[in-house]
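K.L.:
Based on what follows, work out the 3D shape:
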Amino acid sequence: MPSLETAASGTKSESSTGAGLSIAILALAGFVIVTTEFLIIGLLPSLARDLGISISTAGLLVTLFAFTVMLFGPPLTAMLSHLDRKRTFIVILLIFAASNALAAVSSNIWVLALARFIPALALPVFWGTASETASLLAGPKRAGKAVAQVYLGISAAMLFGIPLGTVFADAVGWRGAFWALTLLSALMA
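P.N.:
Model prediction:
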């Protein structure tokens, strides 16, 4: 089973442990990415209050993210599919780290909108590339299981990341939640 490095280059390795670890790392990265994507929903009242905007205006940040993923996801994923996967994952996680840091220091809705727009461009590239990479890492007989394992990151984010992130934000503020996501994204990179 190839490692992430060998899957990216097209060569094969027999280490199932390396493949399993790479798939687990992809699942953890997915956890951080989905938590970043949806945590803002629980933060809307506090960030609206802090930025002096209505909750419905703050809610447009969720719409912006979703619309950006829908509009740019397919062409960006296709356009970037030829790049080295390991580097692509690192760059995506660094984009999420930088965007979360920008969100944490944002002083108005426009800066926060930019901080939401940029990772929305990277999210579909991550999922398209992670699915294919997991399948290559596991090989044809275990591809479905590997992709499902990567997608456990989504379930874990929904069950744990978003609720715990919201509780964390209640304790330290919405900016603190974005700083925590910055740290998690940077550590994953």
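
K.L.:
from here on, contacts and neighbour counts on C-alpha atoms
P.N.:
Will do.

K.L.:
Show the pLDDT at the most centrally placed residue in the chain.
P.N.:
Geometric centre of the chain, nearest residue: I33, 1.8 Å, by Cα atoms, centre = their mean. Listed pLDDT for I33 reads 95.

K.L.:
What is the helix or strand containing it packed up against?
P.N.:
Secondary structure here is read from DSSP states H and E; on that basis I33 sits in helix 16-51. Using 3 or more Cα pairs under 8 Å, 6 or more residues apart in numbering; DSSP states H and E as the contact criterion, the neighbours of helix 16-51 among helices and strands are helix 55-80, helix 85-105, helix 109-138, helix 143-156, helix 162-172, helix 174-188.

K.L.:
run the last query once more with 10 Å
P.N.:
In this structure, helix 16-51 packs against helix 4-9, helix 55-80, helix 85-105, helix 109-138, helix 143-156, helix 162-172, helix 174-188, with contacts taken as 3 or more Cα pairs under 10 Å, 6 or more residues apart in numbering; DSSP states H and E.

K.L.:
Tell me the gap between the third one and the middle of its chain.
P.N.:
Distance of helix 85-105 from the chain centroid (Cα atoms, centre = their mean, to the nearest Å) equals 8 Å.

K.L.:
hang on, isn't the residue nearest to the centre of the chain packed against V125?
P.N.:
No - I33 is not in contact with V125 according to Cα atoms under 10 Å; the separation is 11.5 Å.

K.L.:
Cool, thanks, talk later.
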